[in-house]
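Colleague: predicted model follows, preceded by the sequence.
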Amino acid sequence: MKVQKIIYSIALACLLLIGCAKEVQKENVSLAISGMTCEIGCAKTIQSKLSKKEGVLEAKVVFKDSIANIEFDANTTSKKELIAFVDGIAGGELYKASESSAIKSEPSAKKHECSADCKEKCEMSENKMECKEDCEMACCKDKKA
């Protein structure tokens, strides 16, 4: 009889712990990342490190668009923390992340829609969609071809 009471007590405690767990508050963010030079060494490394970060549910880095699409638990981390995390990869000297307005891996996204960061660095505007000759941002690379 004692063993049965112990088992019931443990089961009840487990149910209470599970029932009181915080609900995951999923959010998505798309980050423009500059400083990536290759798909394996840079993009896959960033994706791997992001995937292991606490609060990140899913991370996908698209090298050719210089974009990271991240699904995360807003109860655990924030957009600001994710940007700082990417900026800090490899000692904080290689990559620079900023929030992007478009998620590039979705088929409905415009192929050449640039982030505000790219527009600023490459002197682009709504009326002028030409890239500076020396711009090396991913959003300008495919426009120069």
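Modeller: Thanks, I have it.
Colleague: following the chain past the strand ranked longest in the chain, name the next helix or strand.
Modeller: Looking across the chain with DSSP state E, the single longest strand is strand 26-34. Following strand 26-34 in sequence order, the next helix or strand is helix 45-52 (DSSP states H and E).
Colleague: re the thing from before, paired strands for the longest strand of the chain, with orientation please.
Modeller: strand 67-73 (antiparallel), strand 96-100 (antiparallel) (DSSP bridges).
Colleague: now the angle between helix 45-52 and the first one, please.
Modeller: Interaxial angle of strand 67-73 relative to helix 45-52 (axes from the mean of the first three to the mean of the last three Cα atoms, to 10 degrees): 10 degrees.
Colleague: would you turn the strands paired with strand 26-34 into TSV with mean pLDDT, distance to Phe85 and mean neighbour count?
Modeller: For every residue, glycine as well, the C-beta is placed using N, CA and C. As requested, these are exported to TSV (pLDDT from 0 to 100; distance: least, Cβ to Cβ, whole Å; neighbours: other Cβ atoms under 10 Å):
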stretch	mean pLDDT	distance to Phe85	mean neighbour count
strand 67-73	94	10	22
strand 96-100	91	8	19
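Colleague: let me know which of those is the nearest to Lys80.
Modeller: Distance to Lys80, taken as Cβ to Cβ, is lowest for strand 96-100 among the strands paired with strand 26-34, at 9.1 Å.
Colleague: which residues touch that closest one?
Modeller: 29-35, 67-68, 79, 82-83, 86-87, 115-117 (Cβ atoms under 8 Å, 6 or more residues apart in numbering).
Colleague: selecting buried members of the residues you listed in PyMOL, what would you type?
Modeller: Buried residues within the contacts of strand 96-100, by 16 or more other Cβ atoms under 10 Å, are selected in PyMOL with:
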select buried, resi 29+30+31+32+33+34+35+67+68+79+82+83+86+87+115+117
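Colleague: ramachandran coordinates for Met36?
Modeller: phi -80, psi 130 (degrees, to the nearest 10).
Colleague: got the contact list for the closest residue to it other than its chain neighbours?
Modeller: Of all residues not flanking Met36 in the chain, Cys42 sits nearest, at 3.9 Å (Cβ to Cβ, 6 or more residues apart in numbering). Residues counted as contacts of Cys42 (Cβ under 8 Å, 6+ apart) are Gly35, Met36, Phe63, Leu94, Tyr95.
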